[in-house]
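1. Pasted the sequence and its predicted model underneath.
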Amino acid sequence: QNTAGKLTVTSEDASFGGGQAQLNLTLDTSKEEPDLDLTFGIDQIAYGDLREEMSGEAAEIHGSADFTLNATSTGQTYEALLQNMSGQAKFLSGQGRLQSNVIDRWGGGLFGMLVPDFDQDKELEMNCAVMQAPIENGVAKVETLFLETKRATVVGDGDYNIAEDDLDIKLKPDSKGIVL
């Protein structure tokens, strides 16, 4: 809906990636400094299936997750809206599976050094994954990043600069020891 410089998009219970999505977006350009208000949530998105559908390539990670993004911003341009964005992003996944080389690649090879008998071609069962990132001035501060498998736990933190699409995350894998 577009009324006098104010664009409003609302979608409730839309199907996306096998999950249920909700979107509320308002862009008000009637003001001297246009503002954006965005709420996006998706429950039980099948992220591996979605990646395969979008890219045509086999996904290295499978499972379902909940994702929410609440953001506001002001700016005259798309870039300014990204640079001025504030809000919160959250991701929560239960059980899933991923190729072990994914964790090793994310951890710069450290995972392979810490986990005994690490096989990069093996599929790992994931117990859960959590990410929480407050957003301020276009930078998502990843305060909580946690991934748990049967054999290891990976924690991390860092920043994601939205406007520059620059990710600076530090991952710390920790072996749970020998699992019989």
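-> The structure has been received and is ready for your questions. Residues are numbered from 1 along each chain as shown.
2. Check which helices and strands the lengthiest helix in the chain sits against.
-> If you go by DSSP state H, the chain has its longest helix at helix 47-55. Packing contacts for helix 47-55, counted by 3 or more CB pairs under 8 Å, 6 or more residues apart in numbering; DSSP states H and E, involve strand 61-74. For the C-beta atoms, the positions are set from N, CA and C on the backbone; glycine is no exception.
3. which parts of whatever helix or strand comes next after the strand it packs on are buried?
-> Toward the C-terminus, strand 61-74 is succeeded by helix 78-83 as the next helix or strand (DSSP states H and E). Buried positions in helix 78-83, judged by neighbour count with 16 or more other CB atoms under 10 Å: 80, 81, 82, 83.
4. dump the residue contacts of the third one.
-> The contact partners of residue 82, taken as CB atoms under 8 Å, 6 or more residues apart in numbering, are 73, 75, 138, 162, 163.
5. how far is the longest helix of the chain from where the chain is centred?
-> 14 Å (CA atoms, centre = their mean, to the nearest Å).
6. CA atoms of it as PDB?
-> The C-alpha trace of helix 47-55 is given here as PDB (Å, rounded to 0.1, in the frame of the first residue of the first chain):
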ATOM      1  CA  TYR A  47      17.500 -23.300   5.600                       C
ATOM      2  CA  GLY A  48      19.300 -26.100   3.700                       C
ATOM      3  CA  ASP A  49      16.400 -26.800   1.400                       C
ATOM      4  CA  LEU A  50      16.000 -23.000   0.800                       C
ATOM      5  CA  ARG A  51      19.700 -22.700  -0.100                       C
ATOM      6  CA  GLU A  52      19.400 -25.600  -2.600                       C
ATOM      7  CA  GLU A  53      16.300 -24.100  -4.200                       C
ATOM      8  CA  MET A  54      17.900 -20.600  -4.500                       C
ATOM      9  CA  SER A  55      21.400 -21.700  -5.600                       C
END
